[in-house]
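Peer 1: Okay, sequence plus prediction incoming.
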Amino acid sequence: MFTRRRPRKRSLEKGESMAKPMTPTPPVTGDIARRIEKELRNGTPNTPERVATIKRADELFRRSTEQPLKRVANR
Amino acid sequence: MDELLGRLTVSTLPPAFKAGVFDCGEPEVDEYLCDGDAAEDEAAGVTRTYLIRDGEELVGYVSVLCDAIRLNRDERPTAYGVAPALKVGRMGVRKSHQGRDVGSWILDWVVGLARSLARQAGLRYVTLDSLPKESLVRWYSAYGFKKNIGEERARKIVKQKGLRHTRLEDIELPHVSMRFDILLKEEVAGAAQSTPQT
């Protein structure tokens, strides 16, 4: 499901530190788990900024999909 | 609004893509696109990378993958064991275009993508692991992301490391896991049910 832990050729050759692999979000516990559970059940409070962000995101994504995502030249 | 934002377009990653030049100031993020790793992950189906362009010029990119926030069930049973998410695995904006809200534009696009996917399958959050730079974490927080570290866990770290006089917010973690709830309150079924009927 997630990217493999792959040694980076160039990094190994040069002896540099390896790039951090993409990993799943670590499990949450305690207060934060309870807070997320509450968010899942009741939603996150709407603030004017949050509402504006989500509306902007919807509009931007809608506009971007009006023209199908194109593959571009390899450069 | 900067005219640049109105001109930005999103395109999918061509096969075997290697960016000739891409410099966002973070070598790890640059190399992912320049070394062909993004194309390899795309071919394997483990990430989807989108290029952000101003005309023909590449100004940024974002790689996304499926994720989930697992809620610890050891302490007590929880109604939800997992919160499905779309993760921003890598994201970068060229130095020449930084400070012009391109990063926010990309996040808006990812939130829009997540909300679109959420109509087809369960999806509740956009997640990311921020580099542990205070300015960056503050920037994500200003956008609306919340840290996925509870004070309880931070206290344990303080105790384990003997950092008695360290403030919780000063603890530096390798990467800062963050989340953004993609649903408005009225879109959550539970919230709608609890709304008094008039």
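Peer 2: On my side now, so go ahead.
Peer 1: Quick one: classify residue 63 as helix, strand or coil.
Peer 2: Unless you meant another one, I'm taking chain A. With DSSP: H, G, I helix; E, B strand; the rest coil as the basis, A:R63 sits in helix.
Peer 1: Likewise for B:R53?
Peer 2: Secondary structure, three-state DSSP: B:R53 is strand.
Peer 1: shaky segments in chain B?
Peer 2: B:1, B:73-78, B:150-158, B:161-174, B:190-198 (pLDDT under 70).
Peer 1: Which residue ranges of chain B form helices?
Peer 2: In chain B, the helices defined using DSSP state H lie at B:3-7, B:27-34, B:37-44, B:102-117, B:134-143, B:151-161, B:189-194.
Peer 1: Let me see the contact set for B:L8.
Peer 2: Going by C-beta atoms under 8 Å, 6 or more residues apart in numbering or on different chains, B:L8 touches B:52-54, B:59, B:102, B:105. Bear in mind the C-beta positions are built from the backbone N, C-alpha and C, glycine included.
Peer 1: returning to what we had before: looking at the helices of chain B, which one is packed in the most?
Peer 2: Mean neighbour count, computed with mean count of other C-beta atoms under 10 Å in any protein chain shown, is highest for helix B:102-117 among these, reaching a mean of 22.
Peer 1: got the contact list for that one?
Peer 2: Residues outside helix B:102-117 that contact it (C-beta under 8 Å, 6+ apart): A:53-54, A:56-62, A:64-65, B:4-5, B:8, B:10, B:50, B:52, B:59-60, B:62, B:64, B:86, B:88, B:91, B:93, B:123, B:125-126, B:139, B:143, B:180, B:182-183.
Peer 1: what are the pairing partners of whichever strand in chain B runs longest, and which direction each?
Peer 2: In chain B, assigned by DSSP state E, the strand with the most residues is strand B:57-70. If you go by DSSP bridges, strand B:57-70 pairs up with strand B:48-54 (antiparallel), strand B:82-93 (antiparallel).
Peer 1: Run a quick neighbour tally on the nearest residue in space to B:G89 that is not next to it in sequence.
Peer 2: Residue nearest to B:G89 in three dimensions, not counting chain neighbours: A:M22, with 4.0 Å by C-beta to C-beta, 6 or more residues apart in numbering or on different chains. By other C-beta atoms under 10 Å in any protein chain shown, 22 other residues sit near A:M22.
Peer 1: so A:M22 makes contact with B:T47?
Peer 2: Yes - shown here, A:M22 and B:T47 form a contact pair, counting by C-beta atoms under 8 Å, at 7.0 Å.
Peer 1: overlap in contacts of the two?
Peer 2: Common neighbours of A:M22 and B:T47 (C-beta under 8 Å, 6+ apart) are A:3, B:63, B:65, B:89-90.
Peer 1: What subset of the residues you listed is buried?
Peer 2: A:3, B:63, B:65, B:89-90 (16 or more other C-beta atoms under 10 Å in any protein chain shown).
Peer 1: how near is B:R48 to B:Y61?
Peer 2: Using C-beta to C-beta, to the nearest Å, B:R48 is found at 11 Å from B:Y61.
Peer 1: Who has more neighbours out of those two?
Peer 2: B:Y61 (27 against 18).
Peer 1: Can you tell me which of the strands paired with strand B:57-70 is packed in deepest?
Peer 2: Mean neighbour counts were compared across the strands paired with strand B:57-70 using mean count of other C-beta under 10 Å; the top stretch is strand B:82-93, at a mean of 24.
Peer 1: what is the orientation angle of that strand with helix B:37-44?
Peer 2: Relative orientation of strand B:82-93 versus helix B:37-44 (axes from the mean of the first three to the mean of the last three C-alpha atoms, to 10 degrees): 140 degrees.
Peer 1: Now do strand B:82-93 and helix B:102-117, the angle between them.
Peer 2: Going by the same axes, to 10 degrees, strand B:82-93 makes 150 degrees with helix B:102-117.
Peer 1: Widest-spaced pair of the contacts of B:L8?
Peer 2: The span of these, defined through C-beta to C-beta, is set by B:R53 and B:W105 at 12.0 Å.
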